[in-house]
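Trainee: sharing a model that was predicted from the sequence below.
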Amino acid sequence: MTTALSDKIKDLIRTSGPISVTDYFALCLADPNFGYYQTRDPFGRAGDFVTAPEVSQLFGEMLGVFMVHAWQRHACPAPVRLVEVGPGRGTMMADMLRVIARLAPDFYRSSTVHLVETSERLRQVQRQTLADHIEKIDWHSGFDELPEGFTLLAANELFDAIPIRQFVRTSAGFRERMVGLDADGELTFTVGIAGLDPSLLPLGASLPPIGTIFEYAPARQAVMVAICDRLTQSGGTALVIDYGHLSTGFGDTLQAVLSHEYDPPLAHPGRADLTSHVDFEDLARTAQSAGVHINGCLRQGDFLVGLGIEDRASALGRDKSAALQRSILEAVDRLAGAGEGRMGELFKVLAVSSPQLPLAPFRPVD
């Protein structure tokens with residue numbers, strides 16, 4: 001099935017030749033006329049995927065607990081710039097603010113909330129979700145618009161939507177993976193001529209078989225550096241939550257999701273969400289090079305359990321119906337449950353700070 005964006009991409013390829021995976025990725029999500037985030041509401045059961053804040057209020061509440069802890073560790077500075085990059089419907093921030101107001105009224109009073117959001121349609125949704133806190137909130141189109149000051153930042157499922165480059169192992173070495181046209185004029189993967197600096201490959205790894213894919217994400221590194229520069233200049237802590245792997249490796253993680261089902265990445269450009277797994281080792285290495293302290297990186301399940309999600313779930317379910325208690329426990333299991341392919345295992349949480357300070361539930365890194 002063709003889409004308006006697939007027709008546009010095919011015309012572009014016919015005119016100028018194959019395009020890189022990173023350009024295809026960017027067009028699919030951000031084309032001003034036909035891009036996924038410009039034309040669709042992807043969140044929730046009616047969308048294409050459900051993010052952790054939509055599963056249960058417990059997720060945002062635990063992040064609120066973490067932010068209060070971080071604020072206290074930083075010696076309770078004022079004012080506070082509470083930042084979320086890619087805030088979705090605003091659900092996570094609403095849950096965070098409710099907890100912050102209850103646990104640390106001084107933090108809440110001294111804070112202003114800054115949402116980095118490019119979609120006017122999503123901004124409207126966020127205004128409704130955050131109506132109780134609207135006087136505290138400012139929206140920004142870019143990270144560089146944030147006002148100066150001590151910063152606590154959260155980014156949930158941000159980095160997976162930042163385009164990657166892919167390289168394929170060939171007999172002549174690694175070459176960039178491209179998107180071209182097959183004999184029938186349909187989109188297909190092909191190989192270009194751009195090579196890969198061998199120093200970017202996993203340290204100590206043997207040369208993989210021909211056809212193996214390696215993913216490299218300079219655009220993600222640039223965003224991480226911008227966050228770290230902010231922390232070194234103003235002080236603060238950033239929390240990055242996304243699905244991905246703890247160690248750099250080989251493999252094709254480019255994937256599309258349409259109506260909660262996996263879809264071939266080239267099948268419905270503009271209609272399906274396009275993402276890839278985040279390399280947390282590379283993000284941490286980038287952050288360290290940028291001069292911030294790495295508090296640690298945990299699986300989401302370990303992070304949430306360490307912050308007390310099970311105790312909070314018990315309190316939330318107290319004196320409630322058996323059906324509601326069961327629903328709360330199911331949400332905890334979905335968010336924090338271990339096992340391959342489950343959110344608690346697949347999602348990772350990276351915390352970085354400036355200056356250096358310990359933050360629970362992360363353990364000090366030598």
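Mentor: Happy to help now that I have it. Numbering: from 1, shown residues only.
Trainee: residues touching residue 80, list them.
Mentor: Residues in contact with residue 80 (C-beta atoms under 8 Å, 6 or more residues apart in numbering) are 71, 107, 110-112, 149-152. Placement of C-beta: from N, CA and C, glycine included.
Trainee: can you put those residues in a markdown table and add neighbour count, pLDDT and secondary structure?
Mentor: Formatted as a markdown table, the contacts of residue 80 follow (neighbours: other C-beta atoms under 10 Å; pLDDT from 0 to 100; DSSP: H, G, I helix; E, B strand; the rest coil):
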| residue | neighbour count | pLDDT | secondary structure |
| --- | --- | --- | --- |
| 71 | 25 | 98 | helix |
| 107 | 23 | 98 | helix |
| 110 | 16 | 98 | helix |
| 111 | 24 | 98 | strand |
| 112 | 15 | 98 | strand |
| 149 | 18 | 97 | coil |
| 150 | 20 | 98 | coil |
| 151 | 23 | 98 | strand |
| 152 | 27 | 98 | strand |
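Trainee: any idea which helix or strand in the chain has the lowest mean pLDDT?
Mentor: When each helix and strand of the chain is scored by mean pLDDT, DSSP states H and E, helix 36-39 comes last, with a mean of 78.
Trainee: that one packs against which elements?
Mentor: helix 21-30 (3 or more C-beta pairs under 8 Å, 6 or more residues apart in numbering; DSSP states H and E).
Trainee: how about residues contacting the helix it packs on?
Mentor: Applying C-beta under 8 Å, 6+ apart, the contact partners of helix 21-30 are 5, 8-9, 19, 35-38, 161, 163-166, 176-179, 219, 254, 269-270, 272-274, 276.
Trainee: switch to 7 Å and redo it
Mentor: Outside helix 21-30, the residues within contact range by C-beta atoms under 7 Å, 6 or more residues apart in numbering are 5, 9, 35-37, 161, 163-166, 177-179, 254, 269-270, 274.
Trainee: circling back to that earlier point, helix or strand right after the least confident helix or strand of the chain?
Mentor: Next helix or strand after helix 36-39 toward the C-terminus (DSSP states H and E): helix 52-55.
Trainee: avg pLDDT for that next one?
Mentor: The average pLDDT within helix 52-55 is 82.
Trainee: burial of the spatially closest residue to residue 181 that is not a sequence neighbour, as a residue count?
Mentor: Once flanking residues are discounted, residue 181 sits nearest to residue 13: 5.5 Å by C-beta to C-beta, 6 or more residues apart in numbering. With neighbours defined by other C-beta atoms under 10 Å, the count for residue 13 comes to 19.
Trainee: and the host helix or strand of residue 13, what other elements does it pack with?
Mentor: If you go by DSSP H and E, residue 13 is part of helix 4-16. Helices and strands touching helix 4-16, by 3 or more C-beta pairs under 7 Å, 6 or more residues apart in numbering; DSSP states H and E, are helix 21-30, strand 173-181, strand 187-195.
Trainee: and these: which comes nearest residue 315?
Mentor: Nearest of those to residue 315, taken as C-beta to C-beta: helix 21-30 at 38.9 Å.
Trainee: one step back: how close does the residue nearest to residue 181 sit to residue 131?
Mentor: Using C-beta to C-beta, to the nearest Å, one gets 45 Å for the distance from residue 13 to residue 131.
Trainee: in the chain, which spans are helices?
Mentor: With helices called from DSSP state H, the chain shows them at 4-16, 21-30, 36-39, 52-55, 57-73, 91-103, 105-110, 120-129, 218-234, 280-289, 300-307, 309-317, 322-336, 343-346.
Trainee: which of those helices sits closest to residue 184?
Mentor: Nearest of the helices of the chain (C-beta to C-beta): helix 4-16, 11.1 Å.
Trainee: follow-up on the earlier one: now mean neighbour count and distance to residue 62 too, for the helices and strands packed on helix 4-16, in TSV please.
Mentor: Output for these, formatted as TSV (neighbours: other C-beta atoms under 10 Å; distance: least, C-beta to C-beta, whole Å):
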stretch	mean neighbour count	distance to residue 62
helix 21-30	22	28
strand 173-181	20	38
strand 187-195	16	40
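Trainee: turn those into JSON lines, including mean pLDDT and distance to residue 348.
Mentor: Compiled in JSON lines, the helices and strands packed on helix 4-16 are given as follows (pLDDT from 0 to 100; distance: least, C-beta to C-beta, whole Å):
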{"stretch": "helix 21-30", "mean pLDDT": "95", "distance to residue 348": "21"}
{"stretch": "strand 173-181", "mean pLDDT": "97", "distance to residue 348": "25"}
{"stretch": "strand 187-195", "mean pLDDT": "96", "distance to residue 348": "27"}
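Trainee: residue 203: which of the ones you listed is closest?
Mentor: The minimum distance between residue 203 and those falls on strand 173-181, with 15.7 Å, by C-beta to C-beta.
Trainee: quick one: low-confidence parts of the stretch 1-150 of the chain?
Mentor: Applying pLDDT under 70 to the stretch 1-150 of the chain flags the ranges 1, 40-50.
Trainee: let's see that with 90 instead.
Mentor: For the stretch 1-150 of the chain, the stretches with pLDDT under 90 are 1-3, 30-33, 35-56, 118-122.
Trainee: coming back round to it: export the helices of the chain as JSON lines, with columns for distance to residue 193.
Mentor: Compiled in JSON lines, the helices of the chain are given as follows (distance: least, C-beta to C-beta, whole Å):
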{"stretch": "helix 4-16", "distance to residue 193": "15"}
{"stretch": "helix 21-30", "distance to residue 193": "14"}
{"stretch": "helix 36-39", "distance to residue 193": "29"}
{"stretch": "helix 52-55", "distance to residue 193": "41"}
{"stretch": "helix 57-73", "distance to residue 193": "44"}
{"stretch": "helix 91-103", "distance to residue 193": "43"}
{"stretch": "helix 105-110", "distance to residue 193": "54"}
{"stretch": "helix 120-129", "distance to residue 193": "39"}
{"stretch": "helix 218-234", "distance to residue 193": "18"}
{"stretch": "helix 280-289", "distance to residue 193": "25"}
{"stretch": "helix 300-307", "distance to residue 193": "40"}
{"stretch": "helix 309-317", "distance to residue 193": "50"}
{"stretch": "helix 322-336", "distance to residue 193": "44"}
{"stretch": "helix 343-346", "distance to residue 193": "35"}
